[in-house]
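Asks: Predicted structure and sequence below. I'll ask about it afterward.
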Amino acid sequence: EAIVSIRNLKKTYRTEDGDKLALHDIDLDIAQGDIYGIIGLSGAGKSTLVRCINGLERYDEGSLKVDGRDIADLSTKELRKARRSIGMIFQSFNLMPSRTVAGNAELALLDSGLDREARASRVKELLGLVDLSEKAQSYPNELSGGQKQRVAIARALANNPSILLSDEATSALDPNTTKSILKLLKHLHDTLGLTIIIITHQMSVIKQICNRVAVIEHGTIVEEGKVFDIFANP
Ligand code: ADP
Ligand code: ADP
């Protein structure tokens, strides 16, 4: 039932001034269909955890299974394939300025094996999902921050991932735009059955959309549970 299952995870960065312990004793289960928040201050280890989950970073000890498979056991080729089942969005959108909205959404499909026509039809579908069909031929610099994040969401969903990882994706947006992006994520969760993992330093984001939350401090989880229980005002 857990789509992400982590036991006793440890991650150290080797640096010029010695080893830097970034994560330790991490135990975490994320169930299929959760909108799971991971909250903590800058430097707590959130990005490192995300990069371990999507296989961008190898870990030192413990186990980390996504869909029942431990990323540590996969070959580079298998890992590349497994990473397709995880979509990612970021604070900085990471769009290509020289490509249109449609062109950016298409980027994730270039090595999917689909021909040009199938890609165009999938892009149309994706832009419909994020309500950006009229902007298909616009360039990123013609878009608002919220619209840019919608393009990034379309691109992240291109290969039908079962998990969407959001790394501070609303941190650069104003409160109203944040609300509309979170509303879109909730809608995608409800309609596509997506499991969503939201990394943030903003409590308001967790309260608006997440059902469960883990609080991370100095590289480890210090509290975990239902958002309602953890952040209930007594
Ligand atoms: P965050 O928003 O997660 O706090 P940072 O600004 O700390 O991001 O880090 C930005 C990038 O720099 C990340 O890719 C991170 O892995 C890397 N980084 C952070 N701290 C160090 C460090 N002490 N040495 C080398 N790279 C680092
Ligand atoms: P967060 O995302 O919560 O801000 P990070 O995962 O970026 O935290 O960082 C956790 C810790 O690991 C921090 O102390 C950071 O400086 C360190 N760190 C992150 N990336 C690197 C890196 N590439 N090399 C060395 N240290 C790093």
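Replies: Sure thing, it's come through. Ligands and ions are numbered 1, 2, ... in the order given.
Asks: Give me the neighbour count for residue 81.
Replies: 11 (other CB atoms under 10 Å). Glycine gets a C-beta too; all of them are placed from N, C-alpha and C.
Asks: Report the separation between it and residue 221.
Replies: 29 Å (CB to CB, to the nearest Å).
Asks: for residue 117, same thing?
Replies: 47 Å.
Asks: between these two, which one's more packed in?
Replies: residue 221 (21 against 8).
Asks: Now do that one, the pLDDT please.
Replies: At residue 221, the model reports a pLDDT of 98.
Asks: thinking it is in contact with residue 29, fair?
Replies: No. Residue 221 is beyond contact range of residue 29, at 11.3 Å (criterion: CB atoms under 8 Å).
Asks: Residues in a beta bridge with the closest residue to residue 169 other than its chain neighbours, which ones?
Replies: Excluding the flanking residues, the one nearest residue 169 by CB to CB, 6 or more residues apart in numbering is residue 89, at 4.4 Å. Under the criterion DSSP bridges, residue 89 forms beta bridges with residue 166.
Asks: What is the burial count for residue 89?
Replies: 26.
Asks: What separation do you get for it and residue 185?
Replies: 9 Å.
Asks: Please enumerate the shared neighbours of those two.
Replies: Taking CB atoms under 8 Å, 6 or more residues apart in numbering as the contact rule, residue 89 and residue 185 both touch 153, 164, 166.
Asks: I'd assumed residue 89 was in contact with the last one.
Replies: The one in question is residue 166. Yes. Under the criterion of CB under 8 Å, residue 166 makes contact with residue 89 at 5.1 Å.
Asks: Tell me the residues of this protein that contact ligand 1?
Replies: For the chain, the contact set with ligand 1 under CB under 6 Å from any ligand atom comprises 15, 42, 43, 47.
Asks: Just the ones of these in helices?
Replies: Residues from the residues of the chain next to ligand 1 lying in helices, with DSSP state H as the criterion: residue 47.
Asks: which ones among the residues of the chain next to ligand 1 come in contact with ligand 2?
Replies: 15, 42, 43, 47.
Asks: Show me which of these are buried.
Replies: residue 47 (16 or more other CB atoms under 10 Å).
Asks: Strands of the chain, start to end?
Replies: Here the chain has its strands, by DSSP state E, at 2-15, 18-31, 35-39, 61-66, 69-70, 86-90, 163-167, 195-200, 212-217, 220-226.
Asks: Distance from the fourth one to the middle of the chain?
Replies: Distance of strand 61-66 from the chain centroid (CA atoms, centre = their mean, to the nearest Å) equals 18 Å.
Asks: what bits of this structure have low per-residue confidence?
Replies: 233-234 (pLDDT under 70).
Asks: I'd like to know which elements the longest helix along it is packed against.
Replies: Across the chain, the longest stretch assigned as helix under DSSP H is helix 175-192. Applying 3 or more CB pairs under 8 Å, 6 or more residues apart in numbering; DSSP states H and E, we find helix 175-192 packed against strand 35-39, helix 145-156, strand 163-167, strand 195-200, helix 203-209.
Asks: for the spatially most central residue of the chain, what are its contacts?
Replies: The residue lying closest to the centre of the chain (CA atoms, centre = their mean) is residue 165, at 1.1 Å. If a contact means CB under 8 Å, 6+ apart, then residue 165 has 50, 53, 54, 86, 87, 88, 89, 197, 199 as its contacts.
Asks: And for the third one, nearest residue in space, chain neighbours not counted?
Replies: By the measure of CB to CB, 6+ apart, the closest residue to residue 54 outside its immediate chain neighbours is residue 86, 4.7 Å from it.
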